[in-house]
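>>> Okay, structure incoming, though there's no sequence with it:
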Ligand SMILES: [Zn+2]
Ligand SMILES: [Zn+2]
């Protein structure tokens, strides 16, 4: 299985997962034309997407999900409450995600005995309800995708712990947010239980989720106004050292450029 962040941040999120013959896109939050440019950069033909899975209904995640599903014929997987969302209305095929229950994703022509890509949605706190993180498993290899989480919860560990690759939100630095340009209400929202993970909170979540198999950590959804690469990196590095895992590679996901395909 390979996982590749095509875009990450408040202007749009999208991540490509390739497992055997199955191609899955997590979120489609960029405008359709921009998404197509990212696919070209990744040298991936968009028509080969079989499945699109939505974490939640915010525009930076859901924006082009319906139109891309229509363009590619992909099945759109989403929680039932999102089915009336305007962003998804063009999708020809929808399938309900059930929180805590894994789906087996295959291509339309794949025989049942081949290894499916297992997709498990796990509920996390955020102000678009429901919001889920995803655990993906293929041939014993696991990747976790977790962004847009308001506060650390230890409860997620049982379902999301010990992946080989972890994509985790490091949204803001607490001091930068406090002193930064956002209006007070927005500051409260970002820092609140329905907002995003600070570097400090993300490090705490990392402590819950990191297991012996973890080899790559991707820092995702960094705020352009309230964070720096250096601060996020320092928080992650310090935590990994504390955990006795200095060998874990850290990558910072970009808003503007396609990341490299990570072998899970
Ligand atoms: Zn977001
Ligand atoms: Zn969100």
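That came through, no problem. All of these numbers come straight from a predicted model, not from anything done at the bench. Ligands and ions are numbered 1, 2, ... in the order given.
>>> ranges for the strands of the stretch 51-200 of the chain?
51-53, 75-78, 93-96, 103-105, 117-124, 131-138, 141-146, 165-169 (DSSP state E, counting those that start in this stretch).
>>> Can you give me the end-to-end span of stretch 224-232?
One end of stretch 224-232 to the other measures 12 Å (C-alpha to C-alpha, to the nearest Å).
>>> Is that stretch in proximity to ligand 1?
No. Stretch 224-232 lies out of reach of ligand 1 by C-beta under 5 Å from the ion, never closer than 12.5 Å. From N, CA and C alone the C-beta is placed, and that goes for glycine too.
>>> Distance from the chain centre to that stretch, please.
19 Å (C-alpha atoms, centre = their mean, to the nearest Å).
>>> Check stretch 2-15 too.
7 Å.
>>> Start and end of it, how far apart?
11 Å.
>>> is ligand 1 contacted by it?
No. Figure legend: stretch 2-15 not in contact with ligand 1 (C-beta under 5 Å from the ion); closest approach 5.8 Å.
>>> so residue 216 makes contact with residue 262?
Yes. Shown here, residue 216 and residue 262 form a contact pair, counting by C-beta atoms under 8 Å, at 5.5 Å.
>>> intersection of neighbour lists for those two?
165, 251 (C-beta atoms under 8 Å, 6 or more residues apart in numbering).
>>> Which one of the strands of the stretch 51-200 of the chain lies nearest to residue 240?
strand 165-169 (10.9 Å; C-beta to C-beta).
>>> Counting by contacts, list what that closest one packs against.
Applying 3 or more C-beta pairs under 8 Å, 6 or more residues apart in numbering; DSSP states H and E, one finds that strand 165-169 contacts strand 2-7, strand 141-146, helix 199-209, strand 216-220.
>>> List the strands paired with the next helix or strand after the first one, with their directions.
Heading C-terminal from strand 2-7, the first helix or strand you meet, by DSSP states H and E, is strand 14-19. Using DSSP bridges, the strands paired with strand 14-19 are strand 2-7 (antiparallel), strand 22-26 (antiparallel).
>>> Can you give the contact residues for the first one?
Read it as strand 2-7. 13-19, 29-30, 34-35, 38-39, 41-42, 136, 143, 145, 165, 167, 218, 220, 253-256, 258-264.
>>> From the residues you listed, list just the buried residues.
With burial judged by 16 or more other C-beta atoms under 10 Å, the buried subset of those is 13-19, 29-30, 34-35, 38-39, 42, 136, 143, 145, 165, 167, 218, 220, 253-255, 258-259, 261-262, 264.
>>> Mind listing the residues bridging to the most centrally placed residue in the chain?
Among the residues of the chain, residue 145 comes closest to the average C-alpha position under C-alpha atoms, centre = their mean, at 4.0 Å. Listed by DSSP bridges, the beta-bridge partners for residue 145 are residue 134, residue 167.
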